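> Just need the structure, nothing else, for what follows:
(chains A, B and C)
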Amino acid sequence: MFRLELAGICKQYPSVKANDEVSLRVRPGAIHAILGENGAGKSTLLKIVYGAVKPDSGSILWNGAPVLIQSPAAARAMGIRMVYQHFSLFDRLTVAQNVWLGQDRQVSLQSIVHRIQTVAETYGLPIDPLRPIHALSVGERQRVEIIRALMTEPQLLILDEPTSVLTPQAIDKLFETLRELAQRGCSILYVSHKLDEIRALCEQCTVLRNGRVTGEVDPRLETAGSLSRLMIGADPGRATRRPPKQGDEMLTVRALSLAAHDTHGVTLKAIGLRVHKGEILGIAGVSGNGQQALVSALSGEDPRVPPRTIWFDGEDLAKHSPSNRRRKGLRTVPEQRLGHGAVPSLSLAQNTLLTRTEGVSQTRLISSRALRKLAQSIIERFQVKAAGPTATAQSLSGGNLQKFIVGREISAEPRALIVSQPTWGVDVGAAALIREELLRLRDAGCAILVVSEDLEELLEISDRMMVMAQGRLSPAVRAAELTVEQIGQWMSGLWEEAEHAAA
Amino acid sequence: MDGLALLFAATLNAGTVLGFAGLGLLLNERAGIVNLGAEGIMLVAAIAGFAATVHTGNDWVGLSAGVAAGGFLAGIFGVLVIWLNTNQFATGLALSLFGAGVSAFLGIQYVQEKLPERMQWTVPWLSDLPWLGAAVFRQHPLVYGAIALAFALTWWFDHSRSGLILRAVGDAPASAHALGFPVRWIRFAAVIAGGALCGLAGAYLSIVYTPLWVEGMVAGKGWIALALTTFASWRPGRILLGAYVFGGVTMLQFYLQGEGIEVPIQFLSMMPYLATILVLVIISRNAAWVRSHMPASLGEPFTPGA
Amino acid sequence: MLRLEARPQPSSIMTILSPVLALVMTIGIGFFFFLVLGKDPLRGLQLFLIEPIKNGAALGELSIKATPLLLIALGLAICYRANVWNIGAEGQFVLGALGGGWVALQAGADLAWMGRGIVLAILVAGVLSGMFWAGVPALLRDRFSANEVLVSLMLVYIAELLLSYLVFGPWKDPMGYNFPQTITFPAVARIPRLIEGVRANIGLLIAGFVVIACWVFQFRTFRGFQLLVAGLAPAAARYAGFSSRAALWTPLLLSGGLAGLAGALEVAGPVGQLTPYIPVGYGFAAIIVAYVGRLHPVGIVFAAVLMSMFYIGGELAQSRLGLPKSLTGVFQGILLFTLLGCDTLIHYRIRRPLRIQRMASPPLGATGAP
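Purely as a prediction, here's the structure:
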C-alpha cells in the first residue's frame, strides 16, 4: 500500500497546462524526489498535495483510500506537513513564540519550549528555542520550519527546494535528519532541480517537464546525464546562424564580490566574466542564485560596487551612475517590467524618457511630440500591440511591454546590452521576435549579456555560456560544446575552479 | 534640593501625558499602523474631557469622556485605513487637522471656565519620606497608572498569546493571515485601544496637568509622541523613559526661568521641539538598526487574498 | 455587507469625481451641523457657498485668502507627488513673513533708496527664508535619514515661537502701547493693489504666474518628470539613474520658497505688520487644497477657491450667525476625510457580497501561474 498515490492529475491555468496526467506513488518511509526545472509544474503539484489548489481531474489516494484534500488545514489534519521555500516566520519573535503561534491547540509556551528541545534532540537539529528569528542564519530558520512541521509527527513531509539557501554542511545535516525521519516511517516528498542531491538522498524520482511526467526512476541507478536528459530533454537543435564575428573585449567583470543587500538577497562571490563585441554570452541558472544582484551591479543601480571591478571598453565604470553608463553605451533591460523597467501608470511615450534623452531639449524641457515619435518608432519596429504611444504601460500585455522595453534599449544602438530574463512570461511570437532582434544586434557588433532561466532560449542564441549558482559563476564554454549533463551539474554549483581560471 | 525634588515631581507629571500617548501609539505601531492623527485625537479628547468635567464636576467622568472620544475618532481612522485601505499618512493627517478644527470649535465656550478645586493626591505614609516623598509620591493616581501600564504592556507583548499575535500581525500580516488570524480585526482593536490611550493623554492634559482649556493646548505633544516610538525602539518601558526625558526638558524651561536665567521665554519653550529633532537625527542615523526593531509592516496596507 | 473589489486600473472618472462627491458629502454633513447647532441650515450653506462669490468686492476678499493657499498648495503638490512629506509649510510661511517683514521694516530707514523696488526685495527675502526653513528637513533626511514629517512639523512650532519672540521683543513697535506687534510697514513697502479701491493685490497676478510655472515644471521639464517617477516607482527612478537626492531637495526647496513667498505677501499685503497672529493655518489648509486639487495645478486653483470660500463662510457665520470662526476648520477637516473615503473608489469597486459557497478557499496566490 502506498502512502500517497496521485493518478492522472490535471490542472489547467489560463495560459498554460501546469499538470498534464501526472501520476505519482510514494511508499511509506520512502524519500521520493520530484525533479524538474522552473515552470515544469512542480509547484502546482505541491499545492494540490497540500490542499491549496484543487486539480481539474485525477484522483488522490491516501494510505489506499480515496480523498479530497479541501484545504491546507485538512491536509494538516491528515498528517501532511510542508516546509516552505520562503519561510513564513515572524522575524522579531523567538523560535518558541513562532511555533506557539502556529499551534492549533491551546498549549502553554513552556510546554512548546520543551517540545522543541525534544524534537530537536531526536532529529539532531540543534536550535535554541529562545532566540529571535532575525538573529538566525537562513539554515537555522529552515530548521525552525522543519521542527515546526515535525512537532505533529507527520506521515508525509514535503520539502520545496530546501537547499537553495544552505551551505554544504547544512545540507549534510538536513539529509541526516531526513533519513532519520524516513526510518521512523514518515514519507518524504523532496522537490528539487539539483541532480546530485537527488541522487544522494532519494530512492525514487518522478521527473517533470512541461507539466508531464517524463520518467519514474531510481536516481541511485541513474547518471547525472540521464537525469538531465529527462529533465531538460534531448540536446536541442541549434538554430543555424552566422558564426560570430567576435571582436575585442567590451565588458569585463573582475573579481566582483558584493554582500547581499538584505537577509533575502544573495552574496556575489568573486564574479568574473568577459563579453566581446559581436557575441552573446548567456548566463543560465535558476532564479535566486544572485542574478538580480549581478544585473544591479552591472546596470549601476547598486552603488556599493567596489572600484576596478567593472570595465567597459577599457574604462573603469564601477562607480558610474546608470545614466553615465548609458551615455557610454552600456544599457540594461531589467527582469521586472512594471515598476522597474517601466512606470505602470505612465504612457509609453513618457516611459521612453526613463532611458532615452531624445525628447529633452537643451533647456531641459520635454517635447511631447518627440517622445511620441520615438515611442511610435519603437512600436512599429518591434511590432508592439498597443493602442498607441499614449497607451499606459500597464495596459499592455506582458509580451508587448517587454517588446517595447527591449526595443527602447536596442533602438538606442548600444555598444553593450545586458538583458535579464528577456522572454519570461512572454508569448511565443513576442519571444521569437525578441530573440531575433538580439541576434541582429549581435551581428551589428554589440556585446550582449543575457541572463535567463530558459535554457532552450540560451542554447539557441548564446555564443558562449556560463551558469550562475549560489552567487558564483561557472567557467564559460562555447554553447555548442556544452552538454546537458554539464549544465545540470553546474546548476548544482559543481565545477572545477581550475576550469574557471582557464576560460 | 527641594527645588530639584519639585522638578522631579513636575517631570513625572509632564511625562505622563506623553507617556500615555506614546504607549497608545505603540499599540498601533506594533500592529503595523502609524497614526499621524494623535495630535488631533488628543485635542478633541482634551476638550471633551474638560467639558465633561465642567458639567459633572467629576474628574473621572471627564477622563472617561476623553478616553471615549479618543477611541471613537480612532475608530473612524481605523475604518478608513483598514477596510477602505486609504493611505495611512494622509488619513492620520486628516484626523489631526479635523481634530484641531473640531476642538477649537467646541472649546470656544469653555475658554474661561475653571474646574472645581484640584485635589492634592498623596500616597499615605510614602509621601512623608524625605525628598522621595515630594519627588515621587505626591502624584495623581494616573501617573502611577502610566508606569503600571508600561510594565503590563512589556509583559503582555512577550509572554501572552494575544500580545504575540499582535506582534505577529505587525511583523508579517500576510503570514499571520495564513495562520488563520483575523488580521484586520486585530489591527482595528489595536487602533481603537491606542486611540483610547491617546484620548486619556489628552484628557489628563486638560484636567490634571493644566486644568484649563486653550485652543491648541496640546502644542505638538501628539507629534512628539510619534517620535518617541522610534526613539524607544518600540518598547513600552523605553517609551515611558523617553516621555519623562521630554517632560523634563519641558519642565527645565520653567526651572531655568525660576532660577533667573536670562533667556527669552520663547527660546526655552523651543526646547522640547529642538530635543525632538535632535532625537530623531540620532536615532535615524543608523537606518539598519531602526529597521531591525521596527514592526516590519509599519505603514503598509494589508488586504487579505491580495 | 458590501465588499470592495480591486480595479485592474485606477478609474480616471473617479479621480475627477471623487472630490466632487466629497464636497457633496461635506455639504450634506454641514446641513446637519447647522441643524444641530440650531441655525437655519440653508442660510448657513448660503453663507459658505454663495456669499463669498456673489460680487466683485467678495471676489476681492476671496483672492486675498486664495492667493496664499494657492501658492503653498502648488509647492506641496510637487512634494507629495515625489513622495516627500512636507507638513511644515506653516512654519515656512512664518519664516517667509519674518524675512519679508524684516526687509519691510528697513524701508523707512536704510532701504529708503529703493523706493517701490523694496517690494521685490521683500518677496525675494520671503522666498529665501522659506527655502531655508524647508532646507532643514531636507538636510536632516539627506544626511541622517530623519523623517521629514516630524522634523518639518517641529519646525512649525519653533517658527511660531521665533515670531513670538521677535514681536514681543526686539522688533516691537516702541510706540505701540506695548502691544506685541511691529510698526505698520510704510506705504512704500506694502504690496501694490491690483486696482484702486479693491483689496486684491498683485499677489493674485504672481499666483497666476506661479500656477503656469508649476504646470510647466510638472509636465514639461525633465526635472519635473524625474520627481514624478521618483514618487510613482522608486525602483524605476533608480534604474533610470535619476538622482534621489535631487528628488528630495528640489521639492522641499520649491515648496519652502513658495510658502515663504506666501508669507511675505501676506505680511506686506493685507496685514501690513508682524504680529503673533500671522500663522492662521494656511500651511495646513494648503495640504487639504493640494489633495482636493488632485496634486494638479488646475485642480488646485479650484480647490483653493473652494477652501477660501470655507474661510470666508466661517467669518460670515461668526458675524452673522454667531457661530465660532473655527467652524471653518471643522468643514475643512470633514472635506479631507470624505475625500479620502471617496478616493477608495478610484482603486476599488463596490460589489454585493459573495454568495457563500462550500468551496475550499486557498490562502495566498493559489490561482497564479504554476
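
> Quick one: distance of the helix or strand that contains A:Arg435 to the chain centre.
Per DSSP states H and E, A:Arg435 falls inside helix A:428-443. The chain centroid and the centroid of helix A:428-443 are separated by 22 Å under Cα atoms, centre = their mean, to the nearest Å.

> That one vs chain C: in contact?
No. Where contact is defined by Cβ under 8 Å from any Cβ of the partner chain, no part of helix A:428-443 touches chain C; the two come within 15.8 Å at best. For the C-beta atoms, the positions are set from N, CA and C on the backbone; glycine is no exception.

> Show me what the helix or strand following that helix is packed up against.
The element immediately downstream of helix A:428-443 (helix or strand, assigned by DSSP H and E) is strand A:447-452. Identification of packing neighbours for strand A:447-452 by 3 or more Cβ pairs under 8 Å, 6 or more residues apart in numbering or on different chains; DSSP states H and E yields strand A:249-258, strand A:268-276, strand A:280-284, helix A:291-299, strand A:416-420, helix A:428-443, helix A:455-461.

> what's the closest of the ones you listed to B:Pro301?
helix A:291-299 (25.5 Å; Cβ to Cβ).

> And the average pLDDT for the closest one is what?
In this model, helix A:291-299 has an average pLDDT of 92.

> now do stretch C:106-125
Stretch C:106-125 comes out with an average pLDDT of 80.

> Which positions in it come out as buried?
Judged by neighbour count (16 or more other Cβ atoms under 10 Å in any protein chain shown), stretch C:106-125 contains these buried residues: C:106-107, C:111, C:114, C:118-119, C:121-125.

> Same question for stretch C:35-45.
Neighbour-count burial for stretch C:35-45, with 16+ other Cβ under 10 Å as criterion, is recorded at C:37, C:39, C:41, C:44-45.

> what's it in contact with?
When contacts are defined by Cβ atoms under 8 Å, 6 or more residues apart in numbering or on different chains, stretch C:35-45 is touched by residues C:27, C:30-34, C:317, C:321, C:323.

> one step back: TSV please, covering the helices and strands packed on strand A:447-452 and showing distance to C:Arg193 and mean neighbour count.
Compiled in TSV, the helices and strands packed on strand A:447-452 are given as follows (distance: least, Cβ to Cβ, whole Å; neighbours: other Cβ atoms under 10 Å in any protein chain shown):
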stretch	distance to C:Arg193	mean neighbour count
strand A:249-258	64	18
strand A:268-276	67	20
strand A:280-284	71	25
helix A:291-299	57	23
strand A:416-420	62	25
helix A:428-443	64	17
helix A:455-461	72	21
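
> can you put the ones you listed in a markdown table and add distance to C:Ile346?
Supplementary listing: these in a markdown table, determined by distance: least, Cβ to Cβ, whole Å:
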| stretch | distance to C:Ile346 |
| --- | --- |
| strand A:249-258 | 41 |
| strand A:268-276 | 42 |
| strand A:280-284 | 42 |
| helix A:291-299 | 32 |
| strand A:416-420 | 33 |
| helix A:428-443 | 31 |
| helix A:455-461 | 40 |
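
> wait, which of those is closest to chain B?
Of all the helices and strands packed on strand A:447-452, strand A:249-258 sits nearest to chain B, with 16.7 Å by Cβ to the nearest Cβ.

> shaky segments in chain B?
Counting by pLDDT under 70, chain B contains low-confidence residues at B:1-2, B:304-306.

> quick one on the thing from earlier: between the helices and strands packed on strand A:447-452, which gets nearest to B:Ala100?
For B:Ala100, the closest of the helices and strands packed on strand A:447-452 is helix A:291-299, at 44.9 Å, according to Cβ to Cβ.

> Which residues does that closest one contact?
Outside helix A:291-299, the residues that reach it (Cβ under 8 Å, 6+ apart) are A:251, A:253, A:256, A:258, A:260-261, A:265-268, A:271, A:283, A:285, A:302, A:305, A:310, A:322, A:325, A:330, A:332, A:334-335, A:418, A:420, A:449, A:451, A:468, A:471, C:239.

> one step back: just put the buried residues of stretch C:106-125 in CSV and tack on secondary structure.
CSV is the format used below for the buried residues of stretch C:106-125 (DSSP: H, G, I helix; E, B strand; the rest coil):
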residue, secondary structure
C:Gln106, coil
C:Ala107, coil
C:Leu111, coil
C:Met114, helix
C:Ile118, helix
C:Val119, helix
C:Ala121, helix
C:Ile122, helix
C:Leu123, helix
C:Val124, helix
C:Ala125, helix
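
> between the residues you listed, which is closest to chain B?
Nearest to chain B among those, counting by Cβ to the nearest Cβ, is C:Ala125 at 21.7 Å.

> Might one say that the closest one is in contact with C:Trp102?
Yes. Under the criterion of Cβ atoms under 8 Å, C:Ala125 makes contact with C:Trp102 at 6.8 Å.

> Wait, C:Met114 touches C:Val124, no?
No. Between C:Met114 and C:Val124 no contact is recorded; they are 11.8 Å apart, counting by Cβ under 8 Å.

> List, one by one, the residues from the stretch 201-350 of chain C near chain A.
For the stretch 201-350 of chain C, the residues found near chain A under the criterion Cβ under 8 Å from any Cβ are C:216, C:219-223, C:225, C:228-229, C:232-233, C:235-236, C:238-242.

> Next one, pLDDT for A:Arg254 please.
At A:Arg254, the pLDDT value in this model is 89.

> now swap in A:Leu136 and tell me
Residue-level confidence at A:Leu136 comes out at 83, pLDDT.

> what helix or strand is the closest residue to it other than its chain neighbours on?
Of all residues beyond its chain neighbours, the one nearest A:Leu136 is A:Val144 (7.1 Å), with distances taken as Cβ to Cβ, 6 or more residues apart in numbering or on different chains. Using DSSP H and E, the element containing A:Val144 is helix A:138-150.

> Buried residues, the helix or strand hosting B:Leu25. List them.
Using DSSP H and E, the element containing B:Leu25 is helix B:2-30. Neighbour counts using 16+ other Cβ under 10 Å place B:5-30 of helix B:2-30 among the buried residues.

> In CSV, list the C-alpha atoms belonging to the helix or strand just after it.
Using DSSP H and E, the next helix or strand after helix B:2-30 towards the C-terminus is helix B:38-56. As requested, C-alpha coordinates have been extracted for helix B:38-56 and formatted as CSV (Å, rounded to 0.1, in the frame of the first residue of the first chain):
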residue,chain,number,x,y,z
ALA,B,38,-2.5,61.5,17.5
GLU,B,39,-2.4,65.3,17.9
GLY,B,40,-6.0,65.7,16.7
ILE,B,41,-7.2,62.9,19.0
MET,B,42,-5.5,64.5,21.9
LEU,B,43,-7.0,67.9,21.2
VAL,B,44,-10.6,66.5,20.9
ALA,B,45,-10.2,64.4,24.0
ALA,B,46,-8.8,67.4,25.9
ILE,B,47,-11.9,69.5,25.2
ALA,B,48,-14.2,66.6,25.6
GLY,B,49,-12.7,65.7,29.0
PHE,B,50,-12.6,69.3,30.1
ALA,B,51,-16.2,69.9,29.1
ALA,B,52,-17.4,66.8,30.8
THR,B,53,-15.6,67.7,34.0
VAL,B,54,-17.1,71.2,33.9
HIS,B,55,-20.6,69.8,33.6
THR,B,56,-20.4,67.0,36.0
